[in-house]
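Colleague: sharing a model that was predicted from the sequence below.
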Amino acid sequence: MSTYPQPAPHQPQQSSPTSNKPNSQSVSPMSITRLFEKKALGEPIVMVTAYDYPSATVVDESGVDLVLVGDSAAMVVLGYPNTTPVSMDEMVMLSAAVRRGLKTPLLIGDMPFGSYEASNEQAIANAQRFIKEAGCDAVKLERGGASADRAKAIVDAGIPVMGHVGLTPQSAVQLGGFRAQGRTAARGREVIEEALQLQEAGCFAVVLEAVPSELTEALMPHLEIPAIGIGAGPAADGQVLVYHDLLGIWNGRPAKFVRQYAQVREEMVRGVSAYAYDVRERSYPAPEHGYGMSPDEAHELQNWAESLPVAPAAGKLG
């Protein structure tokens, strides 16, 4: 789940009012039981990714319900060309940083490519790393089929699992690239069957990525677990976006389903450019940015420094 280029251009949209955001300090920690309660009551579930301590503090203060340390970190944080190169060690490190910044949201670690496919034993061992080393509350893995078997093994080992169907970035090559899935009746049935397999395996929730709204609507009456959509229409129980997408930090064209609520990267570039200009103009640092010495101490230091050898002028070394 990440920032994948789409054929159609996307224009940033204005942000929504934030005056009614919940105060995370007054909200008890999110639990899987509360997620099911929200589904039963029809209360939308808010999920977002985060990858480090600063982003974790932001999303925590914003009052979201779920935080995913997604393997999208491979692209938006670590600079890989896609999600598959990111390692377990990298994901655990990033998840631990996010854990230190969260108080109330449920934290989910995204199991990277190659960390669960080989065997149930491998899947359980790596899922345990997210819980024991990073402090995650749950893990996420992609696809049904054999992955549903892995999910069941992890659940049986006592670790909550979130599933993920539709566009599954770790298998994007097999799916024909980063494009919407389930756009034919036959492929739509496959996506629905995968979601139901993950539910049967004991997953507590499932992500539906880049699938037609009609597919989501057809699936929802058959799901007892919460469904979190990303490019899956409004019928899902909740929505998730990548932090760097929704804030306009990612330097790339966002996917069709992304609404950008800010343009943070533009402001970051503006700020650093202004700093570079001030340094080159010698207007920074100004006197108010420095420290001083008493006149006597400064005089003593200056006398001592004058006794040291003078460095050769630039361009005259040697």
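Modeller: Alright, I've got the coordinates. Numbering: from 1, shown residues only.

Colleague: when you work out contacts or count neighbours from here on, use the C-alpha atoms and nothing else.
Modeller: OK.

Colleague: my read: Phe130 touches Leu94, true?
Modeller: No: counting by C-alpha atoms under 8 Å, Phe130 stays clear of Leu94, with 10.3 Å between them.

Colleague: can you give me the strands in this protein?
Modeller: Ranges of strands in the chain, per DSSP state E, are 45-49, 66-69, 106-110, 138-140, 161-166, 205-209, 227-230, 238-241.

Colleague: helices or strands up against the fourth one?
Modeller: Strand 138-140 is packed against strand 106-110, helix 120-132, strand 161-166, with contacts defined by 3 or more C-alpha pairs under 8 Å, 6 or more residues apart in numbering; DSSP states H and E.

Colleague: just the angle between the last one and helix 120-132, please?
Modeller: Just to be clear, that refers to strand 161-166. Angle, strand 161-166 to helix 120-132, by axes from the mean of the first three to the mean of the last three C-alpha atoms, to 10 degrees: 110 degrees.

Colleague: what does strand 161-166 contact?
Modeller: Strand 161-166 is contacted from outside by 138-144, 151, 154-155, 180-182, 191, 194-195, 198, 202-211, using C-alpha atoms under 8 Å, 6 or more residues apart in numbering.

Colleague: one more: the longest one?
Modeller: Surrounding helix 120-132, the residues in contact under the criterion C-alpha under 8 Å, 6+ apart are 88, 92, 95, 109, 111, 115-117, 136-139, 149-150, 153-154, 157, 159.

Colleague: quick one: buried residues of that helix?
Modeller: Neighbour-count burial for helix 120-132 flags Asn120, Gln122, Ala123, Ile124, Asn126, Ala127, Gln128, Arg129, Phe130, Ile131 (criterion: 16 or more other C-alpha atoms under 10 Å).

Colleague: and it, how far from the chain's centre?
Modeller: Relative to the centre of its chain, helix 120-132 is centred 20 Å away, using C-alpha atoms, centre = their mean, to the nearest Å.

Colleague: quick check: the gap between Thr33 and Ala97.
Modeller: Shown here: Thr33 relative to Ala97, a distance of 25 Å by C-alpha to C-alpha, to the nearest Å.

Colleague: which one's more surrounded, these two?
Modeller: Each of Thr33 and Ala97 has its neighbours counted (other C-alpha atoms under 10 Å); Ala97 has more, 21 against 9.

Colleague: wait, doesn't the more buried one sit right on Tyr53?
Modeller: Yes: using C-alpha under 8 Å, Ala97 makes contact with Tyr53 at a distance of 5.0 Å.

Colleague: so where's the stretch 201-318 of the chain uncertain?
Modeller: Confidence mapping of the stretch 201-318 of the chain against pLDDT under 70 gives the ranges 314-318.

Colleague: wait, isn't Gln199 in contact with His222?
Modeller: No: here Gln199 lies out of contact with His222, judged by C-alpha under 8 Å, at a distance of 9.8 Å.

Colleague: pick out whichever of those two has more residues nearby.
Modeller: Of the pair Gln199 and His222, Gln199 is the one with more neighbours under other C-alpha under 10 Å, namely 25 against 12.

Colleague: next, the contact list for that one, please.
Modeller: Contacts for Gln199 (C-alpha under 8 Å, 6+ apart) come out as Ala205, Val206, Leu223, Glu224, Ile225.

Colleague: hmm, back to that, want to throw the strands of the chain into TSV with mean neighbour count and distance to Tyr261?
Modeller: Shown next, in TSV, are those (neighbours: other C-alpha atoms under 10 Å; distance: least, C-alpha to C-alpha, whole Å):
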stretch	mean neighbour count	distance to Tyr261
strand 45-49	23	13
strand 66-69	26	18
strand 106-110	27	23
strand 138-140	25	26
strand 161-166	28	25
strand 205-209	27	20
strand 227-230	26	15
strand 238-241	23	11
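
Colleague: can you redo those as JSON lines with distance to His289?
Modeller: Shown next, in JSON lines, are these (distance: least, C-alpha to C-alpha, whole Å):
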{"stretch": "strand 45-49", "distance to His289": "37"}
{"stretch": "strand 66-69", "distance to His289": "38"}
{"stretch": "strand 106-110", "distance to His289": "40"}
{"stretch": "strand 138-140", "distance to His289": "46"}
{"stretch": "strand 161-166", "distance to His289": "50"}
{"stretch": "strand 205-209", "distance to His289": "49"}
{"stretch": "strand 227-230", "distance to His289": "46"}
{"stretch": "strand 238-241", "distance to His289": "40"}
